[in-house]
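Asker: here you go, sequence then predicted model.
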Amino acid sequence: MVLLDIVQKLKNVKIVVAHVNHHRREQSNEEQTYIVEYCKNNNLKCYVEELYFNDTKNFQENARIKRYQFFEKVIKMEQAQYLLTAHHAVDNLETILIRLIKSSSHKGYAGIEKLQKHNDYYIYRPLLNLTKQDIYDYQKQNNIKFFNDESNDQDDYLRNRIRHNIIPEMEKENPSLYKAIEIYQQHILETNKLLFEKINSFINNEVLAQNNIISFKQQSFLELSNYLQEQVLFEILKKYNLSKTLIEELIDQIKSNKNTIINNISTNLTMIKEYGYIKFGKLSKIDSFSLTISTDGTYFLPNNTKIIVDKNISYFETENNKMCYNIKDLPITIRTRLDGDKILVNNKLKKFSKTKHAVYKYLMDIKSI
């Protein structure tokens, strides 16, 4: 209600109110009625979302997800640019302590951001540097009616236990606690910018992403510090939501002395280590395929690859290399591997190893073999 009062005093700003009734307290229906009536009396458009939860497990997290889904729905309907929430300095400190207890990312340890880009809009928290007492003082001075959430007085949730038992002791130790937290947050966010400069530098200069396959040189990766190795993998594999334990296992495999490793991490993600390169992506099964090339031209193969035969050379176009072949030796057959296939190496015929079979998609059926 304090935030709404502050925003109402701004000029040339369109305000839309979004209220969520969690139906967790008897008073919640009274709050909803008051908000709707308040908005009507102040010519404000108001959206209301009513949520019901039968399962109390992980209630706070599930409720937060549902709230922001509702907010985003309203933002799209109203074509809004900003979502304002009334998080304050105590909320921020609680969040920081929760993340310290449960572990988080480097940026996560900074707590709640005051301004945050999210999809096509910004989340802005104007009260983030104010204490709860600052907000109460404003409320009294401006005679603002509000409702107290009595569930905050219980110790059922970690956030509440931190609020009631830990933060009061911290406030006793440092009267300027929230100023110190603000400085701490600035330091974390600035160092996080430096960290991502390093991460993005490696990704931009060393990582190749093509046909949904991510690859980089093993040696370039190993030149990074252990912490940067971890952060780079987290970033390039972000969409797969891998755990810290799994990231550490992948790094161990990249560092191992084994020249060839194939790790089927999930149905959508495989890691391949071969010939000094590391690759991540989804390996699809290739059906039996055969193509005979008798003249120059461009020939397309499965998995978005192609062979270009031009004048005196032909080359098999892949992510980062070419394989040359003398056009005078045409015709040539490109096909999938068959059991018993051999390759001529140093004038000796050798069978393809099983590990290489999973990596190489095609085998040139050369006449001499």
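Answerer: Yes, it's here. Residues are numbered from 1 along each chain as shown.
Asker: which SSE is residue 62 in?
Answerer: Applying DSSP states H and E as the criterion places residue 62 in helix 59-78.
Asker: does that helix pack against any helices or strands, and if so which?
Answerer: Other elements packing on helix 59-78 under the criterion 3 or more C-beta pairs under 8 Å, 6 or more residues apart in numbering; DSSP states H and E are strand 16-21, strand 45-50. Where you see a C-beta, it was placed from the backbone N, CA and C, and this is true even at glycine.
Asker: name the helices or strands packed onto the last one?
Answerer: When you say that, I think you mean strand 45-50. Counting by 3+ C-beta pairs under 8 Å, 6+ apart, the packing neighbours recorded for strand 45-50 are strand 16-21, helix 28-41, helix 59-78.
Asker: what about 7 Å?
Answerer: Counting contacts by 3 or more C-beta pairs under 7 Å, 6 or more residues apart in numbering; DSSP states H and E, strand 45-50 is packed against strand 16-21, helix 28-41.
Asker: check the first one too.
Answerer: Under the contact criterion of 3+ C-beta pairs under 7 Å, 6+ apart, strand 16-21 touches helix 28-41, strand 45-50, helix 59-78.
Asker: apply 10 Å and report the result again.
Answerer: helix 28-41, strand 45-50, helix 59-78, strand 82-84 (3 or more C-beta pairs under 10 Å, 6 or more residues apart in numbering; DSSP states H and E).
Asker: looking at those, which is closest to residue 296?
Answerer: For these, proximity to residue 296 was assessed by C-beta to C-beta; helix 59-78 is nearest, at 53.0 Å.
Asker: can you give me the distance of the residue nearest the centre of the chain to residue 206?
Answerer: Centroid-nearest residue in the chain: residue 238, 4.4 Å away (criterion: C-alpha atoms, centre = their mean). Going from residue 238 to residue 206 by C-beta to C-beta, to the nearest Å gives 17 Å.
Asker: would you turn the helices and strands packed on strand 16-21 into a markdown table with mean neighbour count and mean pLDDT?
Answerer: Converted to a markdown table, the helices and strands packed on strand 16-21 look like this (neighbours: other C-beta atoms under 10 Å; pLDDT from 0 to 100):
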| stretch | mean neighbour count | mean pLDDT |
| --- | --- | --- |
| helix 28-41 | 14 | 96 |
| strand 45-50 | 15 | 96 |
| helix 59-78 | 14 | 92 |
| strand 82-84 | 17 | 97 |
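Asker: now what about stretch 119-126, what contacts it?
Answerer: With contacts defined as C-beta atoms under 10 Å, 6 or more residues apart in numbering, stretch 119-126 is touched by 3, 6-7, 68, 71-72, 75-76, 79-88, 91-92, 112-117.
Asker: same thing but at 7 Å, please
Answerer: With C-beta atoms under 7 Å, 6 or more residues apart in numbering as the test, stretch 119-126 has contacts from 3, 75, 80-85, 87, 112, 114-116.
Asker: helix/strand/coil for residue 300?
Answerer: Using DSSP: H, G, I helix; E, B strand; the rest coil, the secondary structure recorded for residue 300 is strand.
Asker: any regions of the stretch 201-350 of the chain where pLDDT drops low?
Answerer: 283-288, 301-306, 311-327 (pLDDT under 70).
Asker: the strands in it, which residues?
Answerer: Here the stretch 201-350 of the chain has its strands, by DSSP state E, counting those that start in this stretch, at 208-210, 213-217, 261-266, 269-274, 277-281, 290-293, 297-301, 305-310, 313-317, 324-326, 332-335, 342-345, 348-351.
Asker: between those strands, which one is closest to residue 31.
Answerer: strand 261-266 (44.2 Å).
Asker: okay, angle between that closest one and strand 277-281 too, please.
Answerer: If you take axes from the mean of the first three to the mean of the last three C-alpha atoms, to 10 degrees, strand 261-266 sits at 20 degrees to strand 277-281.
Asker: please save the CA atoms from strand 261-266 in PDB.
Answerer: Only the C-alpha atoms of strand 261-266 are listed here, as PDB (Å, rounded to 0.1, in the frame of the first residue of the first chain):
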ATOM      1  CA  ILE A 261      34.900 -40.400 -23.900                       C
ATOM      2  CA  ILE A 262      31.200 -40.600 -24.800                       C
ATOM      3  CA  ASN A 263      28.900 -39.600 -21.900                       C
ATOM      4  CA  ASN A 264      25.200 -39.900 -22.500                       C
ATOM      5  CA  ILE A 265      24.100 -37.400 -19.900                       C
ATOM      6  CA  SER A 266      20.400 -37.500 -20.800                       C
END
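Asker: and whichever strand or helix holds residue 139, which residues are buried?
Answerer: In this structure, residue 139 sits in helix 132-141 according to DSSP H and E. Residues of helix 132-141 classed as buried: 135, 138 (neighbour count, 16 or more other C-beta atoms under 10 Å).
Asker: outside of that helix itself, list whatever touches it.
Answerer: Helix 132-141 is contacted by residues 2, 88, 90, 127, 146 when judged by C-beta under 7 Å, 6+ apart.
Asker: picking up where we left off before, turn the strands of the stretch 201-350 of the chain into JSON lines, including mean neighbour count.
Answerer: Formatted as JSON lines, the strands of the stretch 201-350 of the chain follow (neighbours: other C-beta atoms under 10 Å):
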{"stretch": "strand 208-210", "mean neighbour count": "13"}
{"stretch": "strand 213-217", "mean neighbour count": "17"}
{"stretch": "strand 261-266", "mean neighbour count": "13"}
{"stretch": "strand 269-274", "mean neighbour count": "19"}
{"stretch": "strand 277-281", "mean neighbour count": "19"}
{"stretch": "strand 290-293", "mean neighbour count": "13"}
{"stretch": "strand 297-301", "mean neighbour count": "13"}
{"stretch": "strand 305-310", "mean neighbour count": "16"}
{"stretch": "strand 313-317", "mean neighbour count": "17"}
{"stretch": "strand 324-326", "mean neighbour count": "12"}
{"stretch": "strand 332-335", "mean neighbour count": "16"}
{"stretch": "strand 342-345", "mean neighbour count": "12"}
{"stretch": "strand 348-351", "mean neighbour count": "10"}
